[in-house]
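In: Give me the fold of what follows.
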Amino acid sequence: MKKIFGLLLFCFGPIGIALAQDSAAIETKEIPTKVFARATFNSSHIINLHSTEIVSKGALEFMISHHFTNIWNKGAGSQNVAQLFGLNSGVAHTYLSFSYSPLNWLNVGVAASGSSTYEGWLKFRILRQQTGVKNIPVSVSLISLSNVNTASDASVEFSSNRFSFLNQLLIARKLTPKLSLELIPTWIHFNIVPFGINNSNEVFSLGIAGKYKLKTKLNLTFEYTRQFNMYKNIISKSGTIINYNPDLAAAGIEIKTLGHLFQFYIGSTTSSSNIDQLARNTSRIKDGNFAFGFTLNRTLSLKKN
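Out: As a prediction, this is how the structure comes out:
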């Protein structure tokens, strides 16, 4: 009997072990897991506009951007070449920012955004694109930004020490491992505007932006936004009639290194503040008013090891 039992165990034991392993594998596969879309964008900014991304909890992001003057100005002739197509004109609008994430879903930032203007913001991560336990097709963030211009009354066209506010809903989807797109509805509020035709405290726009991965460390980026109101025949404080350009476009490349992200681009703005770019842009695409720009981005972990 023992010999028969031993023979049966020898013959069927491996089969039983294999079946048990298959059963365990099936049970493992049935356990759902969260799979988040990673690196939908590589920075908190795509070019000029914010992305859905925020740095991880306990990390500090430092960013510096330069917007030069127009590559070519009508009537300037050879002076455009002498100024190296806007790179050597002596004028560059600088954007310098620091942002920190105290929580995985919250980012706090401050910036000096040029022309005696300062900004502060809160950025909330609402949804993350994922599969598994939940199927969420998009990532959604909300940014609320306040801006104050501290320049003297003589240098500010609309009002001195003016306050303005920007609110954006950022909706992004990583469509493929290479292509990501973002939709950007924007509402800007000015606390003071001069009385006159076509002036408004509220400005609305809608934008689309994207990233296409060429190589592991090289991406193409683009942005386009359209302003819906307060851009035509605006009467300024001095009574001058001003027309703004409602279209904002930019295209560039991103280069990732071990610790930095470099962004080089051409865009239809020389302003460094999102509020000026989206509500008071004086560069006209049809006149060829494009300018070079670049951004250096560095993220540091402040967590204790």
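
In: Next one, pLDDT for residue 41 please.
Out: Note on residue 41: pLDDT of 97.

In: Excluding covalently adjacent residues, which one is nearest to it?
Out: Excluding its sequence neighbours, the residue lying closest to residue 41 (CB to CB, 6 or more residues apart in numbering) is residue 51, at 3.9 Å. Where C-beta positions appear, they are placed from N, C-alpha and C, glycine not excepted.

In: Please list all residues in contact with the one you found.
Out: 40-41, 43-45, 141, 170, 172, 182, 209 (CB atoms under 8 Å, 6 or more residues apart in numbering).

In: Which ones among those residues map onto helices?
Out: Per DSSP state H, helices hold no members of the contacts of residue 51.

In: Show me which residues of the helix or strand residue 98 falls within are buried.
Out: Assigned by DSSP states H and E, residue 98 falls within strand 92-103. Residues of strand 92-103 classed as buried by neighbour count (16 or more other CB atoms under 10 Å): 92-93, 95, 97, 99-101.

In: where does the stretch 151-300 of the chain dip in pLDDT?
Out: Within the stretch 151-300 of the chain, the ranges that satisfy pLDDT under 70 run 152-161, 195-196.

In: Which residue ranges of it form strands?
Out: 163-174, 179-190, 202-215, 218-227, 234-235, 241-242, 247-256, 260-267, 291-301 (DSSP state E, counting those that start in this stretch).

In: Against residue 65, how distant is residue 112?
Out: 11 Å (CB to CB, to the nearest Å).

In: neighbour-wise, which of these two wins?
Out: residue 65 (24 against 17; other CB atoms under 10 Å).

In: What ranges does the stretch 51-200 of the chain have for its helices?
Out: 79-82 (DSSP state H, counting those that start in this stretch).

In: for residue 129, phi and psi?
Out: phi -60, psi 130 (degrees, to the nearest 10).

In: what sits against it?
Out: 36-37, 40, 136-139, 172-174.

In: so what's it closest to, chain neighbours aside?
Out: Per CB to CB, 6+ apart, closest to residue 129 is residue 37, 3.9 Å.

In: Kindly list the main-chain dihedrals of the one you found?
Out: Residue torsions, per degrees, to the nearest 10, at residue 37 are phi -70, psi 120.

In: can you check residue 128 too?
Out: Taking degrees, to the nearest 10 as the convention, residue 128 sits at phi -120, psi 130.

In: Measure how buried it is and give me the count.
Out: 20.

In: tell me the contacts of it?
Out: 36-37, 136, 139.

In: most neighbours, which of the residues you listed?
Out: Top of the contacts of residue 128 by neighbour count (other CB under 10 Å): residue 139, with 25 neighbours.

In: for that one, which residues make a bridge with it?
Out: Judged by DSSP bridges, the bridge partners of residue 139 are residue 172.

In: I figured it hits residue 173, correct?
Out: Yes - counting by CB atoms under 8 Å, residue 173 is a contact partner of residue 139 at 7.2 Å.

In: got any residues that touch both of these two?
Out: With CB under 8 Å, 6+ apart, residue 139 and residue 173 have common neighbours 40, 129.

In: What is the neighbour count of residue 176?
Out: 8.

In: Distance check, it against residue 285.
Out: Counting by CB to CB, the gap from residue 176 to residue 285 is 29 Å.

In: Please apply the same query to residue 238.
Out: In terms of CB to CB, residue 238 sits 27 Å off from residue 285.

In: what about the two, which has more around it?
Out: residue 285 (14 against 9).

In: for that one, what are its contacts?
Out: 245, 247, 249, 268.

In: show me what contacts the second one?
Out: It stands for residue 247. 224-227, 268, 285.

In: So which of those is the closest to residue 299?
Out: residue 225 (26.0 Å; CB to CB).

In: partner residues bridging residue 252?
Out: Under the criterion used here (DSSP bridges), residue 252 is bridged to residue 221, residue 265.

In: Measure how buried it is and give me the count.
Out: Counted with other CB under 10 Å, residue 252 comes out at 21.

In: Please apply the same query to residue 164.
Out: Residue 164, neighbours per other CB under 10 Å, totals 25.

In: so what's it bridging to?
Out: Here residue 164, judged by DSSP bridges, has bridge partners residue 147, residue 190.

In: I'd like the distance from it to residue 123, if you could.
Out: Taking CB to CB, one finds residue 164 at 17 Å from residue 123.

In: Looks like residue 228 contacts residue 204 (just checking).
Out: Yes - between residue 228 and residue 204 there is a contact under CB under 8 Å: 4.7 Å.

In: Those two: which is more packed in?
Out: residue 204 (16 against 11).

In: Relative to residue 214, how far out is the residue lying closest to residue 217 once chain neighbours are set aside?
Out: Of all residues not flanking residue 217 in the chain, residue 256 sits nearest, at 4.1 Å (CB to CB, 6+ apart). Distance of residue 256 to residue 214, computed by CB to CB: 11 Å.
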